[in-house]
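*Asks:* pasting the sequence and the predicted coordinates here, then a few questions.
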Amino acid sequence: MKRLFEPLELKKLKLKNRIVMPPMCMYSAEEGLANAFHETHYTTRAMGGTGLIIVEATGVLPQGRISDHCLGLWNDAQGEALSRVVERVHAAGAKIGIQLIHAGRKSTVTGRPLQAPSAVRFSEDFPVPEEMSKTEIEEVVEAYRSAALRALNAGFDLVEIHAAHGYLINQFLSPLVNYRSDAYGENQFLLLTEVVQSVRSVWPVEMPLSVRISAEEYDKGGLHPEDLASGILGANLQALGVDLLHVSSGGVVSAPVRDFPGYQLEFARVIGTTTGIPTITGGRMTDPVHVEDVLALPGIDLVFLGRELLRNPYWPLAAAQRLGVEIEWPKQYERARYK
């Protein structure tokens with residue numbers, strides 16, 4: 001069996017292969033509610049053979065969304081709408097997680113002030129955010145807990161905390177953004193630690209918890225993989241209940257990125273081998289042979305394919321044929337099986 005199609009167990013979660021659809025904003029929700037588009041979009045990738053689908057960044061508060069048209073999970077109606085997505089994806093044979101977010105100073109939600117660890121704007125296109133008070137930080141931590149509980153009730157198999165791409169938790173982590181003089185400045189992992197603890201208070205210990213991180217900030221004064229790996233160990237995140245690290249990069253500040261197939265692999269390898277926590281890697285990868293080779297690297301357990309799964313929801317079926325692996329096809333599509 002090729003490693004790409006080997007099953008993987010993360011606590012009680014059993015994945016049929018190592019293929020992950022990562023969160024990608026669809027900007028298709030109204031009032032944070034999932035709708036027919038989301039049901040079709042995610043179910044199609046499940047029918048195509050993806051092992052784990054992670055629903056797009058979903059705001060834990062109205063002002064925590066990336067945009068006015070992003071999903072939310074701050075009320076029960078949103079949880080009920082997402083439960084229909086979960087039901088359809090499960091019926092199509094995949095597992096499904098959800099990524100929870102507060103966008104901080106990078107939110108474009110209208111009519112609400114931006115929040116950040118420090119009053120420093122992302123770019124000239126964004127207003128100056130308000131430096132968060134301790135009370136506001138506590139509200140965010142509680143919002144993550146409430147959203148995780150709704151995700152559990154909706155039937156999700158995994159919950160992911162978004163601590164990457166320059167959004168709120170990443171802003172607290174980064175020396176490029178966090179200029180605070182209180183405990184959240186002295187310990188830049190404090191907010192992430194509190195959110196992990198808050199989510200874990202309602203997310204069952206036997207179910208996996210993922211954290212998405214930007215391992216490289218592409219700025220001399222920013223975080224690099226070794227820094228982040230050291231911080232993860234120092235914060236003892238694995239002992240607090242983090243089971244999976246979804247390794248990405250960039251987004252904290254505007255910086256040029258030279259991307260190419262596999263450009264983030266080394267970041268994930270360093271993080272995975274240093275921390276011992278299973279990792280997801282990815283970035284511009286499309287060739288099944290390349291992906292198979294990536295999974296042979298130490299510290300790499302899963303591979304995400306973003307744009308490629310947008311272009312081709314049935315990539316896993318084609319990848320199995322390319323690698324000479326016999327996998328189960330949806331019965332509705334059996335007549336189209338590759339010869």
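*Replies:* Thanks, I have it. Being a predicted model, the structure only gives us computed values, none of them experimental.
*Asks:* could you pull out the strands for the stretch 51-200 of the chain?
*Replies:* Read by DSSP state E, counting those that start in this stretch, the stretch 51-200 of the chain holds these strands, from start to end of the chain: 52-59, 95-101, 115-116, 130-131, 158-163.
*Asks:* quickly note the distance from L52 to D301.
*Replies:* In this structure, L52 and D301 are separated by 11 Å, where distance is defined by CB to CB, to the nearest Å. For glycine as for every other residue, the C-beta is placed from the backbone atoms N, C-alpha and C.
*Asks:* the strands of the stretch 51-200 of the chain: which one's closest to N75?
*Replies:* When the strands of the stretch 51-200 of the chain are ranked by distance to N75, counting by CB to CB, first place goes to strand 52-59 at 11.0 Å.
*Asks:* give the contact list for the closest residue in space to L228 that isn't next to it in sequence.
*Replies:* For L228, ignoring the flanking residues on the chain, the nearest one in space by CB to CB, 6 or more residues apart in numbering is A215 at 5.2 Å. Contacts for A215 (CB atoms under 8 Å, 6 or more residues apart in numbering) come out as 223-225, 228, 247-249, 264, 267-268, 270-271.
*Asks:* low-confidence ranges in the stretch 51-200 of the chain?
*Replies:* For the stretch 51-200 of the chain, applying pLDDT under 70 flags no range at all.
*Asks:* could you dump the strands of the stretch 51-200 of the chain to a markdown table with distance to L323?
*Replies:* What follows is those, written out as a markdown table (distance: least, CB to CB, whole Å):
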| stretch | distance to L323 |
| --- | --- |
| strand 52-59 | 19 |
| strand 95-101 | 21 |
| strand 115-116 | 45 |
| strand 130-131 | 51 |
| strand 158-163 | 26 |
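*Asks:* so which of these is nearest P313?
*Replies:* When the strands of the stretch 51-200 of the chain are ranked by proximity to P313, the top entry is strand 52-59, at 10.6 Å, counting by CB to CB.
*Asks:* what helices or strands is the closest one leaning on?
*Replies:* Using 3 or more CB pairs under 8 Å, 6 or more residues apart in numbering; DSSP states H and E, the elements in contact with strand 52-59 are strand 19-21, helix 36-47, helix 76-91, strand 95-101, strand 158-163.
*Asks:* who does the fourth one touch, helix- and strand-wise?
*Replies:* Meaning strand 95-101. Strand 95-101 is packed against strand 13-15, strand 52-59, helix 76-91, helix 134-154, strand 158-163, with contacts defined by 3+ CB pairs under 8 Å, 6+ apart.
*Asks:* now do it against helix 36-47, angle only.
*Replies:* Our comparison of strand 95-101 with helix 36-47, counting by axes from the mean of the first three to the mean of the last three CA atoms, to 10 degrees, yields an angle of 130 degrees.
*Asks:* strand 95-101 pairs with which strands, parallel or anti?
*Replies:* Paired neighbours of strand 95-101 in the sheet (DSSP bridges): strand 52-59 (parallel), strand 158-163 (parallel).
*Asks:* got the contact list for the shortest one?
*Replies:* Applying CB under 8 Å, 6+ apart, the contact partners of strand 158-163 are 10, 13, 23, 52, 54, 57, 95-101, 144, 148, 151-152, 169-170, 173, 192, 195-196, 199, 203, 207-214, 244, 246.
*Asks:* pull up the distance across stretch 229-244, start to finish.
*Replies:* With CA to CA, to the nearest Å as the measure, the first residue of stretch 229-244 is 13 Å from its last.
*Asks:* now do stretch 271-281
*Replies:* Across its full length, stretch 271-281 reaches 10 Å end to end, with CA to CA as the criterion.
*Asks:* what mean pLDDT does it get?
*Replies:* Along stretch 271-281, the predicted confidence averages to a pLDDT of 98.
*Asks:* report the buried residues of it.
*Replies:* By neighbour count, with 16 or more other CB atoms under 10 Å as the criterion, the buried positions of stretch 271-281 are 271-272, 274-275, 277-281.
*Asks:* take those residues and keep only those in helices.
*Replies:* Secondary structure from DSSP state H places 271-272, 274-275 of these in helices.
*Asks:* and which of these is nearest to Q63?
*Replies:* The nearest member of these to Q63, counting by CB to CB, is I271 at 30.2 Å.
*Asks:* from E216, how far out is the closest one?
*Replies:* Per CB to CB, I271 is found 10 Å from E216.
*Asks:* quick check: neighbours shared by the two?
*Replies:* P225.
*Asks:* from what I see, Q264 and G282 are in contact.
*Replies:* Yes - using CB atoms under 8 Å, Q264 is in contact with G282, at 6.7 Å.
*Asks:* what do those two both touch?
*Replies:* Jointly contacting Q264 and G282 under the rule CB under 8 Å, 6+ apart are S248.
*Asks:* rewinding a little: among the ones in helices among the buried residues of stretch 271-281, which one sits closest to L33?
*Replies:* The shortest gap between L33 and any of these belongs to I271, at 34.7 Å (CB to CB).
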